[in-house]
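Visitor: 3D model of this:
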Amino acid sequence: MKPRAPECRVYISLENLLESRQHCQRLPLFRGPVRASRQLGQQYTRLRGRGVDFDQVRSYQPGDDIRSIDWRVTARSNKVHTKVFNEERERPVFIMCEQSDRMFFGSQTCTKSVMAADAASLIAWTALAHNDRVGGVIFGAECHEVRPQRNRRAILRLFSLLQQANNALQPASQSIGDSQSEPLNLALRHSREVVRPGSILYLLCDHAAIDQVNPTLLVNLAAHNDLVLLPVYDILESQLPIGKVLEFSQGEERVTLNTADATLRAAYASQFIAQQHAWQRLSRRFSCSLFSLHTGSSAVDQLRDMLSSHKHRSAQ
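Guide: Numbering: from 1, shown residues only. Okay, the predicted model is just below:
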């Protein structure tokens, strides 16, 4: 007897989000352990310039910043000495996760909204395991924020908002018409007021958001934070199956596609490829990381494979 294919997960549950904790040690989201205390996270910040943690005084070397010269030690020893600082290790992790009606679509293992929620929970648990503060924004028609904190209470609050937004989703009744109503633009405007400089910002949103996103809203966020772009798509959005007649509906609109038409399939695929190229241009413009997630396999497997591959390339 042929095994039954697993059903597509349509909604997320709080239990799903809590269970993600068991997988956080499998994800190389952050660098290895460094000196840590109860008040310090285990990451290095992207803040420009010297850090704020004084380390030691040593003899001046060519190329040292003259502003760091310790004049008292220099006067006592008659030799120029400079202060050495460690990079600031306080680095809040901020997760922006879209839960809009357009994410309520999936033809594989889950909907895009569930995939984004799974990834958000994995990132949150991993950050807390590294003793970093965690917060975020859940956005769709509205934005709901949780300020970064270093405790489970903040994560549970974030998960509660995530579950509520996810479970309220319905099939989109209308398409996004312009950049002013684009959920991602609304969330970026909101986040500029709450994201602390020096944070690492994970952006989980619909792959199609690139068509209406306003890049200028990312300028300050990318300049003062580490930005990781995680657009989510469904396999059916990237290519059409061959030889089938598909019917799509959105509100009162109905569209029928004959996928036996090779020209139609090529045009459909080209739209998705154009979106991928746009994401890549955005990533290069702001020098940020880009990993696309799809609904064809689990979030933990995709994040582990992508980040391990990225870590390997960086070491070469």
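
Visitor: Tell me how many other residues crowd residue 84.
Guide: Burial of residue 84, expressed as a neighbour count using other Cβ atoms under 10 Å, amounts to 16. For the C-beta atoms, the positions are set from N, CA and C on the backbone; glycine is no exception.

Visitor: In a helix, it, correct?
Guide: No. Using DSSP: H, G, I helix; E, B strand; the rest coil, the assignment for residue 84 is strand, not a helix.

Visitor: confidence score at it?
Guide: The predicted local distance difference test score for residue 84 is 80.

Visitor: now swap in the one 3 residues further on and tell me
Guide: We have a pLDDT of 55 for residue 87.

Visitor: Same check on residue 133?
Guide: For residue 133, the model assigns a pLDDT of 92.

Visitor: roughly how far apart are it and residue 22?
Guide: In this structure, residue 133 lies at 22 Å from residue 22, with Cβ to Cβ, to the nearest Å as the measure.

Visitor: Please identify which of these two sits among more neighbours.
Guide: Summary of the neighbour comparison: residue 133 and residue 22, criterion other Cβ under 10 Å, with residue 133 having more neighbours (20 against 10).

Visitor: how near is that one to residue 92?
Guide: Relative to residue 92, and taking Cβ to Cβ, residue 133 is found at 4 Å.

Visitor: which residues are common contacts for those two?
Guide: Counting by Cβ atoms under 8 Å, 6 or more residues apart in numbering, the shared contacts of residue 133 and residue 92 are residue 148.

Visitor: Quickly find the element holding the spatially closest residue to residue 20 that is not a sequence neighbour.
Guide: Closest residue to residue 20 in three dimensions, ignoring its sequence neighbours and counting by Cβ to Cβ, 6 or more residues apart in numbering: residue 121, at 4.0 Å. Using DSSP states H and E, residue 121 maps to helix 112-129.

Visitor: Report the angle between the following helix or strand past that helix and helix 112-129.
Guide: Elements were assigned by DSSP H and E; along the chain past helix 112-129, the next helix or strand is strand 134-139. Interaxial angle, strand 134-139 versus helix 112-129 (axes from the mean of the first three to the mean of the last three Cα atoms, to 10 degrees): 170 degrees.

Visitor: and the next helix or strand after strand 134-139, which strands flank it?
Guide: Next in sequence after strand 134-139, counting helices and strands by DSSP H and E, comes strand 143-149. Looking at strand 143-149 with DSSP bridges, its paired strands and their directions are strand 134-139 (antiparallel).

Visitor: what does the strand it pairs with rub up against?
Guide: By Cβ under 8 Å, 6+ apart, the list of residues contacting strand 134-139 from outside reads 92-100, 120, 124, 127-128, 143-150, 154-155, 158, 161-162, 165, 183-184, 186-187, 190-191, 194.

Visitor: quick check: domain ranges of the protein?
Guide: For the chain, the domain assignment from automatic domain parsing gives the residue ranges 14-34+90-315, 53-86.

Visitor: List the buried residues for the last one?
Guide: By neighbour count, and taking 16 or more other Cβ atoms under 10 Å as the criterion, the buried residues in domain 53-86 are 57, 60, 64, 69, 70, 73, 74, 81, 82, 83, 84, 85.

Visitor: Return the closest of those residues with respect to residue 27.
Guide: Out of those, the one with the shortest distance to residue 27 is residue 85. That distance is 30.1 Å, counting by Cβ to Cβ.

Visitor: ok, that closest one to residue 76 distance?
Guide: Taking Cβ to Cβ, one finds residue 85 at 21 Å from residue 76.

Visitor: do the same with residue 152
Guide: 50 Å.

Visitor: next one: residue 259
Guide: For residue 259, the distance to residue 76 (Cβ to Cβ) stands at 81 Å.

Visitor: try residue 230
Guide: 53 Å.

Visitor: Over to residue 103?
Guide: Applying Cβ to Cβ, the value for residue 103 to residue 76 is 64 Å.

Visitor: for residue 96, same thing?
Guide: Taking Cβ to Cβ as the criterion, residue 96 is separated from residue 76 by 51 Å.

Visitor: Okay, and residue 227 sits in which element?
Guide: In this structure, residue 227 sits in strand 226-233 according to DSSP H and E.

Visitor: Just checking: what are the partner strands of that strand?
Guide: Paired strands of strand 226-233, with direction, are strand 200-206 (parallel), strand 289-290 (parallel), strand 293-294 (parallel) (DSSP bridges).
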